[in-house]
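**Student:** how does the following fold in three dimensions:
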Amino acid sequence: MNPIEIDESKCTKCSSCIDDCPNNCLYLEGETVKASEKGCMECGHCYAICPKGAISMVNYDCADEPAVSMTEIDSDMLLGAMKSRRTIRKFKPQPVEDEKIMKILEAGRYSPTGANSQNVSYTILASRQDEAEEICLKLFRRSQKVGSPLSSFLKRIDIDDNFFFKGAPLVIVVSSKSNVDGGLASSYMEIMAESLGLGVLYSGFFVMCTKLSRKLRNLLELEKGHDVVSCMVIGYPNVKYQRIVPRKDLKMKKL
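**Tutor:** Below is the predicted model:
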């Protein structure tokens, strides 16, 4: 069923919602705006664009928050901050406040997903963080000793007890059916975390372990069809960088 509800007493028939609907689910029938029973992908464009607030969405939290334009953020400062971000591997033991965690998750929740699938899930390891790391440590240390495809690479690495999470107080595992959707959500979350004074490490080794260990996947209780896209290790940095690092030349084609 189409979740769109239209308050005819507020609707002025301006057709803004009809013109902006990506799936052509809205139409004028005489003097009334109607919503098709099928085809709506629940993107919320009609809700967002209506100048009179005449549209609501069933089973959604319609908080009527005003839109904020990205142009309100200074573009030079934003670019400078994005260029300044560093992967953090040294964290203070200070815990991350609950309100900051919720802002990080909210940033992920509002990241774009293909066809508005909203198919990204988030797992905070919390009380099972040490257990998850121990599973990974045993897997990697065992692989160092046996003739596994990883052994030659892992023999060059010092795998200490904080190898995967670096002693950080917060680990969020991002999973999805889509690597693109999960990656976009992770990027949104990182920008929010950085704005809150936090540092982030993407633990690619942990993601590798989720593909090798059924025990770890069971611990994560992944949704059906979901794979781990990223593991975000988050905390207050115990290191301060002084300048933006150099980068190789931009690779760009104009066709």
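**Student:** this protein: helices as residue ranges?
**Tutor:** Along the chain, counting by DSSP state H, helices occupy 16-20, 45-49, 75-84, 98-109, 129-145, 151-154, 179-195, 204-212, 214-220.
**Student:** got JSON lines for those helices, with distance to residue 119, mean neighbour count and mean pLDDT too?
**Tutor:** Every residue, glycine included, has its C-beta placed from N, CA and C. Converted to JSON lines, these look like this (distance: least, C-beta to C-beta, whole Å; neighbours: other C-beta atoms under 10 Å; pLDDT from 0 to 100):
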{"stretch": "helix 16-20", "distance to residue 119": "23", "mean neighbour count": "17", "mean pLDDT": "97"}
{"stretch": "helix 45-49", "distance to residue 119": "19", "mean neighbour count": "18", "mean pLDDT": "97"}
{"stretch": "helix 75-84", "distance to residue 119": "26", "mean neighbour count": "11", "mean pLDDT": "97"}
{"stretch": "helix 98-109", "distance to residue 119": "12", "mean neighbour count": "16", "mean pLDDT": "98"}
{"stretch": "helix 129-145", "distance to residue 119": "23", "mean neighbour count": "17", "mean pLDDT": "91"}
{"stretch": "helix 151-154", "distance to residue 119": "32", "mean neighbour count": "13", "mean pLDDT": "69"}
{"stretch": "helix 179-195", "distance to residue 119": "6", "mean neighbour count": "20", "mean pLDDT": "98"}
{"stretch": "helix 204-212", "distance to residue 119": "17", "mean neighbour count": "18", "mean pLDDT": "96"}
{"stretch": "helix 214-220", "distance to residue 119": "16", "mean neighbour count": "15", "mean pLDDT": "97"}
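**Student:** and those helices: which comes nearest residue 120?
**Tutor:** helix 179-195 (4.6 Å; C-beta to C-beta).
**Student:** now for the closest one, which elements pack on it?
**Tutor:** helix 75-84, helix 98-109, strand 120-124, strand 170-176, strand 199-202, strand 227-235 (3 or more C-beta pairs under 8 Å, 6 or more residues apart in numbering; DSSP states H and E).
**Student:** one more time with 6 Å, if that's ok
**Tutor:** Under the contact criterion of 3 or more C-beta pairs under 6 Å, 6 or more residues apart in numbering; DSSP states H and E, helix 179-195 touches helix 98-109, strand 120-124, strand 170-176, strand 227-235.
**Student:** any chance of CSV for the helices of the chain, columns distance to residue 234?
**Tutor:** Shown next, in CSV, are the helices of the chain (distance: least, C-beta to C-beta, whole Å):
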stretch, distance to residue 234
helix 16-20, 36
helix 45-49, 30
helix 75-84, 17
helix 98-109, 7
helix 129-145, 12
helix 151-154, 25
helix 179-195, 6
helix 204-212, 13
helix 214-220, 17
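**Student:** please name whichever of those is nearest to residue 245.
**Tutor:** Judging the helices of the chain by C-beta to C-beta, what sits closest to residue 245 is helix 75-84, at 8.3 Å.
**Student:** CA atoms only for that closest one, dumped as CSV, please.
**Tutor:** C-alpha atoms of helix 75-84 as CSV (Å, rounded to 0.1, in the frame of the first residue of the first chain):
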residue,chain,number,x,y,z
SER,A,75,32.5,25.3,1.5
ASP,A,76,36.2,26.2,2.0
MET,A,77,36.1,25.2,5.7
LEU,A,78,34.3,22.0,4.9
LEU,A,79,36.8,21.0,2.2
GLY,A,80,39.7,21.9,4.6
ALA,A,81,38.2,19.8,7.3
MET,A,82,37.6,16.8,5.0
LYS,A,83,41.2,17.1,3.7
SER,A,84,42.5,17.2,7.3
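**Student:** using CSV, please lay out the helices and strands packed on helix 179-195 together with distance to residue 199.
**Tutor:** What follows is these, written out as CSV (distance: least, C-beta to C-beta, whole Å):
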stretch, distance to residue 199
helix 98-109, 12
strand 120-124, 17
strand 170-176, 11
strand 227-235, 6
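**Student:** what's the closest of the ones you listed to residue 45?
**Tutor:** helix 98-109 (17.2 Å).
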